[in-house]
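[1] What follows is a predicted structure for the sequence shown.
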Amino acid sequence: MRPPALYACDPAASRGRLHGEPQTGQRGPRDSFQRDRDRIIHSIPFRRLRHKTQVFVAPDGDHFRVRLTHSLEVAQIGRTIARALGLNEDLTEALCLAHDIGHPPFGHSGEEVLQAEMAAAGGFDHNAHTIRLLTRLESPYPRHSGLNLSWETLEGLAKHNGPVTGPPPWALAEADSEFPLDLGTWPSLEAQVAAVADDIAYDNHDIDDGLRAGLFTLADLLEVPLIARVWAQVRARFPDVDEARLVPELVRDQIGLMVGDVLEETARRVAEAGVETLDDVRGAGRALAGFSPAMAEEEAVLKRFLHARMYNAPPVMAVRDEAQKVVAGLFGAFRDDPRRLPSGWLPEEAGAVEILRAIGDFIAGMTDRYAIRQYREVVGPIELPEGF
């Protein structure tokens, strides 16, 4: 195993937690980043990811990805990259596992509705809601709200897509005012790796799910130059094997190709920028982990294909429209009568903004199937198209 890089995050040098904790106890010899990862895994919001949309809403098929399986796959890729670069694997894994924890039911479709419904209260952003969940709403400890994660984990979750420019979303601003996260600087390389691992995971696993769902064929997919090139190599290795059996090999090769590209490009950028310390990473003024220009261009072509043939495919869009009706209908019902909210969700003497945010918090925590069930109980009948 490669020794830690000087610019890797060091748990012994962590900026700490908002609420101080004793360093001794009976819960095992774990450092702060290992504890963060374990707190995320054992949290209720993490468990709810098993019934939240990745692409398909409450999928009928047992083999389609959901947010939980996607997060696990991102963590596997992220940890592989972190190990090869000498970064902290546990912090990288924690960030990968938690990066989607703030998604509402029905993924980005649900988020669009919450953003519109909560406009008068500052809107809704799933990245900011991840921070809100982990610092305020999920409270399994007796003396404080939240999971009390380390500064580095919260910083990485807040900025894994880069510095926050302009006014941050209200939920992130609220957390930042309590525990400043240096929102204007670049995050650690561990956070940057988590972001690119997310891209690699969904680019390639969505190929698998799209083919499995029949949204496009292998022949359609081979219109993408990157895929065609890798497929030719796969066929050359296995000329006598049925094509259907080679799709998993294609996906594996694609992931390996992208991971290799990220390793080479990240090492090149680090050397070019003269990065030696963690402060150098944060002050580099640019992303250091990422695809090479050539791979980034090819990956963009693949993304355009997936948007056209999968994410915006008519069968997926039909379900998305119905899913958005569920979220909008629930929000309207709770807004019209906030007393419908379960006990403890509505703040005492809440004003209009607080009520909207409480409704948003409640709905955002729902799984797909719980949202559908709540809609039927609170609003009325609804039938989603079968299959997705």
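    Looks like it came in fine.

[2] list the helices and strands the helix or strand harbouring Ala296 packs on?
    Element membership for Ala296 (DSSP states H and E) is helix 293-306. Identification of packing neighbours for helix 293-306 by 3 or more CB pairs under 8 Å, 6 or more residues apart in numbering; DSSP states H and E yields helix 189-213, helix 225-237, helix 243-273. In this view, the C-beta of every residue, glycine as well, is placed from N, C-alpha and C.

[3] my guess is Leu341 meets Leu356, correct?
    No: using CB atoms under 8 Å as the test, Leu341 is too far from Leu356 to be in contact (11.6 Å).

[4] and the two? which has more neighbours close in?
    A direct count of neighbours by other CB atoms under 10 Å for Leu341 and Leu356 places Leu356 higher, at 24 against 16.

[5] Check whether the residue lying farthest from the centre of the chain sits in a helix, strand or coil.
    Distance from the C-alpha centroid of the chain, by CA atoms, centre = their mean, peaks at Asp240 (38.9 Å). Assigned by DSSP: H, G, I helix; E, B strand; the rest coil, the conformation of Asp240 is coil.

[6] what do you get for Arg15?
    Per three-state DSSP, Arg15 ends up coil.

[7] Who are the contact partners of it?
    150-152 (CB atoms under 8 Å, 6 or more residues apart in numbering).

[8] cool, and Pro167?
    By CB under 8 Å, 6+ apart, the contact set of Pro167 is Ala173.

[9] burial of the residue nearest to Met310 when sequence neighbours are not counted, as a residue count?
    Distances taken as CB to CB, 6 or more residues apart in numbering place Gly210 nearest to Met310, at 4.4 Å, with adjacent residues excluded. Look at Gly210: counted by other CB under 10 Å, it has 22 neighbours.

[10] before we move on, what about Pro293?
    For Pro293, using other CB under 10 Å, the count is 9.

[11] What pLDDT does the model give it?
    At Pro293, the pLDDT value in this model is 98.

[12] got the contact list for it?
    Taking CB under 8 Å, 6+ apart as the definition, Pro293 has no contacts.

[13] quick one: low-confidence parts of the stretch 251-388 of the chain?
    385-388 (pLDDT under 70).

[14] hey, where'd the helices end up in it?
    Taking DSSP state H, counting those that start in this stretch as the criterion, the stretch 251-388 of the chain contains helices spanning 278-282, 293-306, 314-336, 352-364, 368-378.

[15] Quick one: residues in contact with the shortest one.
    Read that as helix 278-282. Helix 278-282 is contacted from outside by 7-10, 182, 185-189, 273-275, 288, using CB under 8 Å, 6+ apart.

[16] So Tyr7 lies in a helix, does it not?
    No: according to three-state DSSP, the state of Tyr7 is coil, so it is not within a helix.

[17] Share the number of residues neighbouring it, please.
    22.

[18] Cross-check the contact I'm expecting between it and Ala271.
    No: checked against CB under 8 Å, the pair Tyr7 and Ala271 is beyond contact range at 11.6 Å.

[19] which stretches of the stretch 1-150 of the chain form helices?
    32-41, 44-48, 67-85, 89-98, 107-117, 126-132.

[20] For the most centrally placed residue in the chain, which non-adjacent residue is spatially closest?
    Nearest to the geometric centre of the chain sits Asp100, at 2.8 Å (CA atoms, centre = their mean). Nearest residue to Asp100, sequence neighbours excluded (CB to CB, 6+ apart): Arg67, at 5.2 Å.

[21] How about Asp90?
    In this structure, Asp90 finds its nearest non-sequential neighbour in Phe33, 4.2 Å apart by CB to CB, 6+ apart.

[22] can you check Leu149 too?
    Going by CB to CB, 6+ apart, Leu149 has Asp36 as its nearest residue, at 4.9 Å.

[23] cool, Thr165 as well?
    Nearest non-adjacent residue to Thr165 (CB to CB, 6+ apart): Gly184, at 7.4 Å.

[24] Could you pull up the residues touching the one you found?
    163-165.

[25] Compare the residues you listed and tell me which is most surrounded.
    Val164 leads the contacts of Gly184 on contacts (other CB under 10 Å) with 20 neighbours.

[26] returning to that earlier point: if you count neighbours, what's buried in the helix holding Ala296?
    Neighbour-count burial for helix 293-306, with 16 or more other CB atoms under 10 Å as criterion, is recorded at 295, 298-299, 302-303, 305-306.

[27] Tell me who's in contact with Leu250.
    Counting by CB under 8 Å, 6+ apart, Leu250 makes contact with 207, 227, 230-231, 234.

[28] quick revisit: what sits against the residue nearest to the centre of the chain?
    So Asp100 contacts 49, 67, 70-71, 126, 130 (CB under 8 Å, 6+ apart).

[29] Could you identify the least confident member of the residues you listed?
    Arg67 (89).

[30] where's that residue relative to Glu73, distance?
    11 Å (CB to CB, to the nearest Å).

[31] circling back: now the contacts of Leu250 in a markdown table, please, with extra columns for distance to Gly78, pLDDT and neighbour count.
    Below are these laid out as a markdown table (distance: CB to CB, whole Å; pLDDT from 0 to 100; neighbours: other CB atoms under 10 Å):
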| residue | distance to Gly78 | pLDDT | neighbour count |
| --- | --- | --- | --- |
| Ile207 | 19 | 92 | 23 |
| Ile227 | 23 | 97 | 21 |
| Val230 | 22 | 97 | 20 |
| Trp231 | 26 | 97 | 21 |
| Val234 | 25 | 97 | 20 |
